[in-house]
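> model the structure of this input:
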Amino acid sequence: MGRSPSFAGVILAAGDSTRMGQDKALLPWQGGTFLSAVIDVLKPVTELVIVVGGKNTNSLLPTIYQKGAFITENHHTEQGQFSSLRVGLQEVLNRGRDTAIVALVDRPAARSATVRAIKQYFLESVESGVWAVVPEFEGKHGHPFIAGREMIERFLRAPQDATARDVEHAAQQHISYFPVNDPNVIMNVDTPEEFERLAQNG
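Here you go, the predicted model:
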């Protein structure tokens, strides 16, 4: 019998943004912010959207509530982004969903058409042993990626000192890389200068 995955969006937004000098989640973007833009992209293709905050949780709440998303907090952000990923994925399971579309908040959101295409590809591939789909642009892997139940379990059961890359390598035969024509999936915006250039071009 075919599987019918239930999707939750997970937005990793707990970073300290030290190089930017301000919270990247709240950088102005297309009439809103990076955070509001990625919520808007994920909501139509998921049943709910979970934002993982950290020390910045209180400042994120107005956007999260306005957009009808949910918040969960990583109390150990010093352990890095993988700890936020695990907090978000555990919340996906806690809320009765079994598949996550995981996005980062420190860059412009991927195009809606890109996310829909990644989701469709996952749905078509899930019966053939694919646990995760990762977008690829010009040979580089990016976000948002999709993790099914098996991949979520691998992330959650990994040793405390593991990284997401360790888990990815161990499950390589179950991960599919999906070429997209969307530079946002690999974009990094770390400094005010990079954001300024992006804002001028965007």
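> residue 154 in helix, strand or coil?
Following DSSP: H, G, I helix; E, B strand; the rest coil, we place residue 154 in the helix state.
> what helices and strands are in contact with the strand or helix carrying residue 116?
Residue 116 is located in helix 112-125, with elements delineated by DSSP states H and E. Helix 112-125 sits against helix 34-42, strand 99-104, strand 132-137, strand 145-147, strand 175-179, with contacts defined as 3 or more Cβ pairs under 8 Å, 6 or more residues apart in numbering; DSSP states H and E. Placement of C-beta: from N, CA and C, glycine included.
> what about 7 Å?
helix 34-42, strand 132-137, strand 145-147, strand 175-179 (3 or more Cβ pairs under 7 Å, 6 or more residues apart in numbering; DSSP states H and E).
> which of these sits closest to residue 93?
For residue 93, the closest of the helices and strands packed on helix 112-125 is strand 145-147, at 11.3 Å, according to Cβ to Cβ.
> can you give the distance of the closest one from its chain's centre?
Averaging C-alpha positions (Cα atoms, centre = their mean, to the nearest Å) puts strand 145-147 8 Å from its chain's average.
> residues contacting residue 50?
8, 9, 10, 70, 72, 88, 91, 92 (Cβ atoms under 7 Å, 6 or more residues apart in numbering).
> count of residues packed around the first one?
Residue crowding around residue 8 was assessed by other Cβ atoms under 10 Å; the count is 24.
> without its sequence neighbours, what residue ends up closest to residue 90?
residue 156 (6.2 Å; Cβ to Cβ, 6 or more residues apart in numbering).
> ok, the one you found - contacts?
86, 89, 90 are the contacts of residue 156 under Cβ under 7 Å, 6+ apart.
> closest one of the contacts of residue 50 to residue 188?
residue 10 (19.1 Å).
> doesn't that closest one belong to a strand?
Yes - according to three-state DSSP, the state of residue 10 is that of a strand.
> and the gap between it and residue 138?
Residue 10 sits 25 Å away from residue 138 when distances are taken as Cβ to Cβ, to the nearest Å.
> same drill for the two, tell me which one is more crowded.
Applying other Cβ under 10 Å to residue 10 and residue 138 shows that residue 10 carries more neighbours, namely 28 against 11.
> what sits against the more buried one?
50, 52, 88, 89, 92, 100, 101, 102.
> look at the residue nearest to the spatial centre of the chain and report its pLDDT.
Residue closest to the mean C-alpha point of the chain, counted by Cα atoms, centre = their mean, is residue 103 at 1.6 Å. Note for residue 103: predicted pLDDT of 98.
> repeat for the one 5 residues further on
pLDDT recorded at residue 108 is 94.
> spatially, what comes nearest to it if we skip its sequence neighbours?
residue 184 (4.8 Å).
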